[in-house]
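Student: Provide a 3D model corresponding to the input given below.
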Amino acid sequence: MWAVFVATPHELGRFARSDVLVVETGIGRAAAEEAARAVLGRRRVDGVLSVGFCGGLVPGLSTGDVVLGERVYRLPVPLLEAHQPLEAAASDPGLVALAEEALTAARLRYRRGACVTSPVLVPGPDRKRELGQQFPALAVEMESFWLAQAARDAGASFLTVRAILDGVDEALPPADVLAEFRSLAGPSSLLRTGIVLGVRYLTRHPSQIARLAAQAAKARGALRAFARAFFARAGAGSVCSSAH
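Tutor: Next up, the predicted model:
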């Protein structure tokens, strides 16, 4: 069986296969680890796929482009402390090759390379450019390193595929607003907080509504097209892995 982990339902949309388990984790390390424990500790899972949105760290990656993650780095804490050694987790090479076939078949724009998992949202162009210069990565997200660790501990193969939401020169809403507004799948109190913060911000910046909606739709469409093409090739009952 495959388990597909995604932070929020808005990032993949509806994707239903009887033999693929889609798990909505929530955002960040704690949520990803908790979801992974709940699933991998109770079910036999052969393959773990981490999908979702990401921010571009280098020029040439636009909304809807796909990053095929050959490896994922854990961003040192404190953020941008470049002197710490980078911890890395690798995607399974066999699954990377299979994913590349799927991306090509789906006619999606993509690049192979690394992602970096951050402990915080990185919404601003200056910070993203700085990350891209300091670390050997194409994109930043918040869950994949932790899911890779959980997959390794469970003896499952791992792959991460992410779609660009915001390019390196694009700014998203402030981190606190974005964090709350993206947490619409969370508890009701967090939902209410997210709506209030989001509405306050967007009423002051009405042009953001259409832009963010269009960006999310484009990135989500790319992920869904990839998932359909990937599982058409991978099959859900067996995992084509170089480790198995």
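
Student: now the closest residue in space to His10 that isn't next to it in sequence: how far from Glu11?
Tutor: Excluding its sequence neighbours, the residue lying closest to His10 (Cβ to Cβ, 6 or more residues apart in numbering) is Ala216, at 6.3 Å. Every residue, glycine included, has its C-beta placed from N, CA and C. Relative to Glu11, Ala216 is positioned 8 Å away (Cβ to Cβ, to the nearest Å).

Student: and the residue nearest to His10, how many residues sit next to it?
Tutor: When counting by other Cβ atoms under 10 Å, one arrives at 19 neighbours for Ala216.

Student: other SSEs contacting the longest helix that the chain contains?
Tutor: Assignment by DSSP state H gives helix 207-234 as the longest helix of the chain. When contacts are defined as 3 or more Cβ pairs under 8 Å, 6 or more residues apart in numbering; DSSP states H and E, helix 207-234 sits against strand 2-6, strand 47-56, strand 66-74, helix 93-105, strand 157-166, helix 188-204.

Student: may I have the beta-bridge partners of the residue nearest the centre of the chain?
Tutor: For the chain, Gly52 is the residue whose C-alpha lies nearest the centre (Cα atoms, centre = their mean; 3.3 Å). Note on Gly52: beta-bridge partners by DSSP bridges are Arg162.

Student: is it true that Asp166 touches Gly55?
Tutor: Yes: with contact defined as Cβ atoms under 8 Å, Asp166 reaches Gly55; the gap is 5.0 Å.

Student: name the residues contacting each of these two.
Tutor: Pro123, Leu172 (Cβ atoms under 8 Å, 6 or more residues apart in numbering).

Student: returning to what we had before: hey, what's in contact with both of Ala216 and Glu11?
Tutor: If you check Ala216 and Glu11 against Cβ under 8 Å, 6+ apart, the residues they both contact are Phe53.
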